[in-house]
Structures are given as structure tokens and as C-alpha cells.
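> Following is a predicted model, sequence given first.
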Amino acid sequence: MERFGVKSAPSRNRSKTALYVTPQDRVTEFGSELHEDGGKLFCTSCNVVLNHVRKSAINDHLKSKTHTKRKAEFEEQNVRKKQRTLTASLQCNSTAQPEKTSVIQDFVKMCLEANIPLEKADHPSVRAFLSRYVKNGSSIPKSDQLRKAYLPDGYDNENQLINTEDR
């Protein structure tokens, strides 16, 4: 056919998916009904992942009975809970981790300098005081874990300080 200058008909098997649409584009298009996290598109009221490539899938979900029912329940609750991806949740926890270890190391150092046995950290009134008045105080572990995990660090740090002062 091509030899005679006749072109074949265009292929009808072409996919109708939007190739360059991001979840954020769909959020701007549909407003507060949807939210994006970690490259995934979520329905805010249903907390389900939607296919952001096909607009018809989003429209079908928004017109479904389950969505309208959950949307009504969601608006009644007046609480805006958005589902997050696992990586976003882990990033949030990893930012608090250095602060937590810093509080624990400072607590162990304070106990050592004041000659307070680490077992005193297990007393219920000490636990209640720490959780009420100290930021991240409830994350301080029991005395056996303090001794195993954090006491060697404090010992090594103090040893390095003594060695640098002797020089």
C-alpha cells in the first residue's frame, strides 16, 4: 500500500490515558476532594488510592454511592484526617528521632553527674514527672535499656573528653 502512496488508516488501539498528568495536577483540577502524597492520589473522604492517569476513573469514584456516603460521614465528623504514604510517615518519625536520643543521652548524663542510680528512672512518680513536664520525656526507656544502650555512649563521650583535656 505504501508503494502506491496510500496511507493506512490510523491505529484505533491508541490508549486514551493522559501520559503527562501528575497527581498534583488532578488535585488542582478537582479541589479539596482529593489530595496527593508521595506521588499517589488519594480521595480525602474515602482514604483510598485513585488512578490519577485516567480522569474517568476519578469521575466514576466521585459519583459512586460509597463515595457520597463516606463524604457525608466525613463532613459530619468535622475531622480532617488525610491518609499518608508509608515513606511520608517514616520521614516524620525520623526527624523526631535525633531529638529523642538527645533527650535520653542528656537524662543519662544528668543521672551520672548527680550520682542518681538509673533504677530511679523506673519509679512511677519519676515516669509521671518525665512524661508530664519534659518534652519527649515519655520516650525515656527503662533502666536496663538505659544501661545497655545509652550508658556505653556516655562512657565513651566522657572518656574522649578526659583524653582531650589531658593533652
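Perfect, thanks for sending it.
> sec struct for residue 47, please.
Three-state call for residue 47 (DSSP: H, G, I helix; E, B strand; the rest coil): coil.
> Helices along the chain, start to end?
Using DSSP state H, the helices of the chain run over 23-30, 55-63, 65-77, 86-113, 124-133, 143-145, 151-166.
> remind me which residues of this protein are low pLDDT?
1-19, 78-86, 88-96, 153-163, 165-167 (pLDDT under 70).
> Let me see the domain layout of it.
Listed by the TED database, the domain ranges of the chain are 23-82, 98-150.
> would you list those in JSON lines and tack on distance to residue 164 and mean neighbour count?
(C-beta placed from N, C-alpha, C; glycine too.) Formatted as JSON lines, the domains of the chain follow (distance: least, CB to CB, whole Å; neighbours: other CB atoms under 10 Å):
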{"stretch": "domain 23-82", "distance to residue 164": "45", "mean neighbour count": "15"}
{"stretch": "domain 98-150", "distance to residue 164": "17", "mean neighbour count": "14"}
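> Tabulate the helices of the chain in TSV, adding columns for distance to residue 38.
TSV is the format used below for the helices of the chain (distance: least, CB to CB, whole Å):
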stretch	distance to residue 38
helix 23-30	9
helix 55-63	18
helix 65-77	21
helix 86-113	5
helix 124-133	32
helix 143-145	33
helix 151-166	34
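> Select, out of the ones you listed, the one closest to residue 44.
helix 65-77 (7.4 Å; CB to CB).
> Run the angle between the closest one and helix 55-63 for me.
Angular relation of helix 65-77 and helix 55-63 on a 0 to 180 degree scale: 60 degrees, by axes from the mean of the first three to the mean of the last three CA atoms, to 10 degrees.
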